[in-house]
Every structure is written in C-alpha cells, then in structure tokens.
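**Student:** I would like the atomic coordinates for the input below:
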Amino acid sequence: MTEIERRLGAPEGAEISLPLDLIVTDDWTTPALLAPLRKLRIRDAAVPVAFVHDHTREPSAYRGADARKVRRLRRVRDAFVRRFGATLIEGRGIQHHVLHGAGLLRPGVRVLANDSHAPTLGAYGALAFAGQPTTVAAALRTGRLPLRVPPTLRVRLTGALPSDRTARDASLALLNRVRDGGPVPRLATGAALEFTGPGLRNLSPEQRAVLANAAPEALAVTAVFVDDATTDTPHRTVPEVELNLAAVRAGLARSGHAADVVPADTLAGTPDDRVFVGTCAGGTEAEIRAFAAAFAPGPDGRIPRAAVPTVVAPASRKVEERLGRDGLLDRLDAAGVRRLPPGCGPCFGFGVGRLRPNEVAVATANRNGVGRMGDPSAQVHLVGGRPAGLAARDGRIPGPEGPPPDACVRAAATCDAPGTDAPRPDAPVPPVSPGRARPPRPRAVPPAAGNVLRLHGPVTTDDLAPSSVPGVGTSNDADPAVLRRLLLHHLAPDLAERDLRGTVVVADHGFGAGSNRASSVRALAVAGVTAVIARGVAPLYAAGARDEGLPVLELHDPRFYAMATPDARVVADARTGAVTLTDATGATHRFAAVPLGPRASAIAEAGGTVQYLLAGGAW
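**Tutor:** Here you go, the predicted structure:
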C-alpha cells in the first residue's frame, strides 16, 4: 500500500468521496465561487472555512482600474466571510506558508483549497488538494471531494543540500527529473508525489514545502511525505525517481515552461531587465538569504547596488520579521531593492508593474508561461535565490560559478570552513540535463472545413485565459464577453472574432497546467467548445472541467493527432471513450480514449456538477 492509498483508504483507481476537514479560499479566486454558490443555494458551509487574504494589498497601494478591482475584491471577501463564518487570515502572508501557524492544520487533516499550490501543505502533514471554483462550491455544500485515487510516483531523497544551494534549486532539479528527458513532466502526470528517503531528515518543513510546491508544475495531484521514522517501511513497488540533494546545482527554467530546466549558466551573460524574488516557491527565508548574499558588504564596507529594478516579497510575515531582526532587510534597502509586503500578487504581475515588450526577468517564482507577468513577448526565467541575487547585482544572468562565499572551495579535498556540507569535488553530476527536448512554443490553429481547434505544445491556463489583458479584463471576471475575448488571447487574438460553436479542442501533453483558473474552462464553454481531447491533461484542469460540464478525454494513439487537422470533424463519447474522426476525404476513423468514470460521466451528462447536485446526484 502506498502512502496516498493508506490515507485515502482505497486502492489506486478507486472512485471515492473524501470527507474534508477544511476548505480554503482567498481574495483573488473567491469571486469565481459566487456563481456556483448562488446556483447551489448554499447558505451554510458543511465544513470549516478559512479565507486567506494573500493576493492583493490595501486599495491605496494601487491606481486606476487595479484600485477599483481591489475594492470590489474586498467587498466580496467581507460578504463571504460573514456568510460562511470563515476564519479570516489577513496580513500574514501566502496561505501555503501561514496556515500551519494559524492553528488550522494538524497531521492528516484533509484540505481542499481554491489555489493550485495547495499540495504545498503536504509538507506540514496535511493531505491537501486544489480545486477549481465549482469543485470548491460543491464541497462547501457537501463537505466532500469526489476523486479517483491517484497512482504514486515515489521521490526518494538522499544526501543533504550544499550550503550554497537552496530548496528552490532542488525543486527545479526535481521538475527536470520528472521530465525524464522529454519536453514535459510525464512521469508525474496525475500522480501523488510521495517524498521519502534518508534525505528527508536533512530538510526543514519550509524546505519540504518548496519541494511539495512543485507538484502542480509536475502535473501531479498532491504531495505526501513519509515520516522519517517510517522511511524504510516496505511499500508496494511503484515508479520511483531519486534526487540526490548533495548533487544539486543551480538550475534555470527557461521562459515558457517551468519544467524546461537547464544548468543556470546556460544563458550566462544574457542581460536582464528586472529581478523578482518571492511567491510560495521562492519567497522563503532561505531563498531571500541566498539572494541577499550577493549584496554582502565589500572590503570597504559598501553594499553593492542592484543593477536592475528588483523586487523582494517574503512568503510570510514571519519570514519578513526574521530577516529584519538579522539586518538583511536594511541591507536590501541599501542595495536599492524594492520590498513589498508578503503576498502573491507579483507572481502574476499584479500591482508591481507588468513586464513590457521584450523585457527579460529573472524570478524565483513558480511559473513562467507566456504573458504570465506582463507582455507576451517578455521572458521570465526561473531560478533559485543565489542566481537571482547575482542577476540583480550584475544585471545579467550569472555565468559559471566560482568558489561561493563562506563555503567549501571546490578544488580542495576538504572544506576551509569547518562544518560546511558542500559536496566533495567528485560528487555525482546533478539531475539537471541540458534540456534536450525543449517544450515547443504553444500555438493555436483554428478550424477550417472541420470542427477541430488544434492546440500545439503544452498549453497552460495562462494561455487559455491570461490573468490580465489591458483593455480586455482579468481572469476572474464573470462577464462571458470578457472570457470570450480572453480565450487564447496571446496565442491567437483573432479567435475572439471566430464562431467556435461545436468545436472540439485537440491538444498535446500537459494541457491545462498552471493556475487554478475557472476562466480557463469557462472561456472554452462560452465559445461553444463541446469537448477537449489531449495526450495528457493536468489533473486540476480535468477535475475543474468535469465540474463545469466540459468533457476532457485523454487519448494516447499518435495516429489520431496526425489526422486531427483543422479540416477534420471529431465526435467524442465521454462515457465510453469512443472517438470518431472524419477526415477531409470523408473517410471515418475510430479511436479509443480513456473513458470517464461512472460519476464523472454522470456529471458530464447532467451538464456539470451544479446541475448534477441539484438533480440529487450522489456525491
């Protein structure tokens, strides 16, 4: 039995209804809950609710439309908290790093959150899942989460991080490892990441959280940790990858995909225009300390100045306080670094000045899809704290690293500084490959004579519905006209003018990865898309689409994708998985997709979870 099977009490593949202990939502995603809450006529929450205000700051911190939006978000927050008696957590930081200190978590607690990085809570003993808004609304009514017990990918950790490496470096190495040489993280798709091995004892809860935080980028369902005391307990044989923490070197995820990881010096010398340190992946104390090392006083006592505009936003108030006590915040101020209160907004470019055309940013963030932090032509490269510091100080992506300060000299057989844990010179090569199979840039090909909207490459929720497009709107706007204009805006802006009714989306592996964004499903439904067929689908997106009544099927036969041209016509039966394709010559071809389970099929036939529940469907 694997750890996820033990906690869920059922074998892999079983459909279960999981009773929940806590539901978490936040200021940015809650507006998307309002429509399903209203339709379900929910008056009281079936389980305790926490509302974490972590995406936006006070309205006075913004201008114009952003300020008006933040005021609206606060009105929604206040009404929601009153209605459901939610515990309001404000001003403490990002939910995934503050909930454990708010008295709401205990080992084994079952959590559903309205944020894609909810699996981060696995580092603190919780069993945490992310849900799209209709999923969360249904859970508020029922107190339960329907799911299929996922397979397990065991991540065996060995060794200890060198003193000049951070958990963010390790998480980038992990994302590269689960790619297994391919363009996207196929090894972990739809799985529960089970972290185990002797290396666990060398990681703090905060460092474990950074590893667990990579789960959605790995296309995994959740993350669990096998306690150190039971690390060697026999478990059922499952697929396994090993991550030697001692061998981790600085990696860089090239702009466009969070798993396109290469050695950090691959882009050495590339000028950067901005640096951002923060988010739930890179705003921890260790990452900011590693960043600040680049601004240590020189022999003359002077602190170097940042060469480019640089922003630091700690993950939590506690992190900020600890850094302040040690004088590091004063050092950053002296370096000309702009400091923001703890929060999520900069992760998607809200309230910090969006990236301008063709700008290059270096960030410790968790995502770097097209248009994620601003103009779609801008580039966002993801790194750990130390490379981010060098990029900020020097105004360019760092090159090959020499002996780091206060650490072991690589050419020596022993360390100069007693007690350092840097690896020996003959340490094994880290699990960071040169990115042989780089993810192709996503692109959209609209239907021609047929009904196929062909999407090439790993299309994310940022591609499907960008977080914010000036003059159009934002991803949590409920207006169908806005959603229709947001749909694939950065990939094919002219789609807003095309009739897509009756269209079937055909996509590649990794479809729907990224933020928990109801608009990424609803925009397709508003456009009249009837189904999605893909080589591989992010599990959060698949569940959200199920609850919105949009069938999403996985089909693995490569012949189908060769035939699914814009001139083809495709019809899919979600219950049986039967897919019929008629090509431009009129010839008919039949394929077998993975059928939906009984409950998912019933939900699809009902038109979505709201209709299913109102009709008395079993939950």
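**Student:** from here on, contacts and neighbour counts on C-alpha atoms
**Tutor:** Noted.
**Student:** For the stretch 151-300 of the chain, give me the ranges with low pLDDT.
**Tutor:** 228-235 (pLDDT under 70).
**Student:** quick one: contacts for residue 283?
**Tutor:** 277, 312-316, 364 (Cα atoms under 8 Å, 6 or more residues apart in numbering).
**Student:** got those residues as JSON lines, with secondary structure, neighbour count and distance to residue 268 columns?
**Tutor:** Formatted as JSON lines, those follow (DSSP: H, G, I helix; E, B strand; the rest coil; neighbours: other Cα atoms under 10 Å; distance: Cα to Cα, whole Å):
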{"residue": "277", "secondary structure": "strand", "neighbour count": "31", "distance to residue 268": "19"}
{"residue": "312", "secondary structure": "strand", "neighbour count": "25", "distance to residue 268": "22"}
{"residue": "313", "secondary structure": "coil", "neighbour count": "27", "distance to residue 268": "25"}
{"residue": "314", "secondary structure": "coil", "neighbour count": "28", "distance to residue 268": "27"}
{"residue": "315", "secondary structure": "coil", "neighbour count": "30", "distance to residue 268": "28"}
{"residue": "316", "secondary structure": "strand", "neighbour count": "26", "distance to residue 268": "31"}
{"residue": "364", "secondary structure": "coil", "neighbour count": "32", "distance to residue 268": "17"}
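**Student:** How about exporting the longest strand belonging to the chain as PDB, limited to the C-alpha atoms?
**Tutor:** When the chain is parsed with DSSP state E, its longest strand is strand 152-158. Taking Å, rounded to 0.1, in the frame of the first residue of the first chain, the C-alpha atoms of strand 152-158 are listed here in PDB:
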ATOM      1  CA  THR A 152       2.100   7.200  -6.900                       C
ATOM      2  CA  LEU A 153       5.400   8.500  -8.100                       C
ATOM      3  CA  ARG A 154       7.900   7.900  -5.300                       C
ATOM      4  CA  VAL A 155      10.600  10.600  -4.900                       C
ATOM      5  CA  ARG A 156      13.500   9.200  -3.000                       C
ATOM      6  CA  LEU A 157      15.700  11.900  -1.400                       C
ATOM      7  CA  THR A 158      19.300  11.200  -0.500                       C
END
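**Student:** nearest residue to residue 241 other than its sequence neighbours?
**Tutor:** Among residues not flanking residue 241 along the chain, residue 155 sits closest, at 5.1 Å (Cα to Cα, 6 or more residues apart in numbering).
**Student:** Look at that neighbour and say how many residues are nearby.
**Tutor:** 20 (other Cα atoms under 10 Å).
**Student:** Ok, residue 579 next?
**Tutor:** 19.
**Student:** all strands in the stretch 251-400 of the chain, in order from the N-terminus.
**Tutor:** 251-253, 261-263, 274-277, 310-312, 338-339, 360-363, 379-382 (DSSP state E, counting those that start in this stretch).
**Student:** Quick check: which helices or strands does the fifth one pack against?
**Tutor:** Applying 3 or more Cα pairs under 8 Å, 6 or more residues apart in numbering; DSSP states H and E, one finds that strand 338-339 contacts strand 310-312.
**Student:** Contacts for the strand it packs on next, please.
**Tutor:** 274-278, 283, 288, 336-340, 392.
**Student:** same thing but at 10 Å, please
**Tutor:** Residues from elsewhere that reach strand 310-312 (Cα atoms under 10 Å, 6 or more residues apart in numbering): 273-279, 282-283, 288, 291, 329, 332, 335-342, 346, 352, 361-364, 388-389, 391-393.
**Student:** which among the residues you listed end up buried?
**Tutor:** Buried members of the contacts of strand 310-312, counted by 16 or more other Cα atoms under 10 Å: 273-279, 282-283, 288, 291, 329, 332, 335-337, 339-342, 346, 352, 361-364, 388-389, 391-393.
**Student:** could you dump stretch 604-611 to PDB, C-alpha only?
**Tutor:** In PDB, the C-alpha atoms belonging to stretch 604-611 read as follows (Å, rounded to 0.1, in the frame of the first residue of the first chain):
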ATOM      1  CA  ALA A 604     -20.900  15.400 -17.800                       C
ATOM      2  CA  GLU A 605     -24.300  14.200 -18.900                       C
ATOM      3  CA  ALA A 606     -26.000  16.400 -16.400                       C
ATOM      4  CA  GLY A 607     -24.200  19.400 -17.700                       C
ATOM      5  CA  GLY A 608     -21.900  19.900 -14.800                       C
ATOM      6  CA  THR A 609     -21.700  19.500 -11.000                       C
ATOM      7  CA  VAL A 610     -24.200  22.200 -10.200                       C
ATOM      8  CA  GLN A 611     -26.900  20.500 -12.300                       C
END
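**Student:** Run the chain-centre distance for that stretch.
**Tutor:** The gap between where stretch 604-611 is centred and where its chain is centred comes out at 27 Å by Cα atoms, centre = their mean, to the nearest Å.
**Student:** so where do the strands sit in the stretch 401-550 of the chain?
**Tutor:** So, for the stretch 401-550 of the chain - with DSSP E, counting those that start in this stretch - the strands run 443-445, 452-456, 468-469, 473-474, 504-507, 531-534.
**Student:** May I see those organised as a markdown table, with mean neighbour count, mean pLDDT and distance to residue 239 added?
**Tutor:** Compiled in a markdown table, the strands of the stretch 401-550 of the chain are given as follows (neighbours: other Cα atoms under 10 Å; pLDDT from 0 to 100; distance: least, Cα to Cα, whole Å):
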| stretch | mean neighbour count | mean pLDDT | distance to residue 239 |
| --- | --- | --- | --- |
| strand 443-445 | 18 | 95 | 32 |
| strand 452-456 | 22 | 97 | 28 |
| strand 468-469 | 21 | 81 | 39 |
| strand 473-474 | 18 | 82 | 40 |
| strand 504-507 | 26 | 98 | 26 |
| strand 531-534 | 23 | 98 | 23 |
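**Student:** Just send the ones you listed back as a markdown table, with distance to residue 36 too.
**Tutor:** Formatted as a markdown table, the strands of the stretch 401-550 of the chain follow (distance: least, Cα to Cα, whole Å):
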| stretch | distance to residue 36 |
| --- | --- |
| strand 443-445 | 30 |
| strand 452-456 | 28 |
| strand 468-469 | 23 |
| strand 473-474 | 19 |
| strand 504-507 | 25 |
| strand 531-534 | 21 |
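**Student:** what's the closest of the ones you listed to residue 357?
**Tutor:** The stretch from the strands of the stretch 401-550 of the chain with the least distance to residue 357 (Cα to Cα) is strand 468-469; that distance is 13.4 Å.
**Student:** in its sheet, what does that closest one sit against?
**Tutor:** If you go by DSSP bridges, strand 468-469 pairs up with strand 473-474 (antiparallel).
**Student:** Quick check: the gap between the residue lying closest to residue 323 once chain neighbours are set aside and residue 284.
**Tutor:** Using Cα to Cα, 6+ apart and skipping residues adjacent in sequence, the residue nearest residue 323 is residue 329, 6.0 Å away. Plainly put, residue 329 is 14 Å away from residue 284 if you go by Cα to Cα, to the nearest Å.
**Student:** Same question for residue 382.
**Tutor:** Using Cα to Cα, residue 382 is found at 15 Å from residue 284.
**Student:** out of these two, which sits in the busier spot?
**Tutor:** Neighbour count, other Cα under 10 Å: between residue 382 and residue 284, residue 382 has more, with 34 against 28.
**Student:** Just grab the bridge partners of the more buried one for me.
**Tutor:** In beta-bridge terms (that is, DSSP bridges), residue 382 pairs with residue 253, residue 363.
**Student:** quick one on the thing from earlier: got the strands of the stretch 251-400 of the chain as JSON lines, with distance to residue 588 columns?
**Tutor:** Below are those laid out as JSON lines (distance: least, Cα to Cα, whole Å):
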{"stretch": "strand 251-253", "distance to residue 588": "42"}
{"stretch": "strand 261-263", "distance to residue 588": "41"}
{"stretch": "strand 274-277", "distance to residue 588": "52"}
{"stretch": "strand 310-312", "distance to residue 588": "56"}
{"stretch": "strand 338-339", "distance to residue 588": "60"}
{"stretch": "strand 360-363", "distance to residue 588": "48"}
{"stretch": "strand 379-382", "distance to residue 588": "43"}
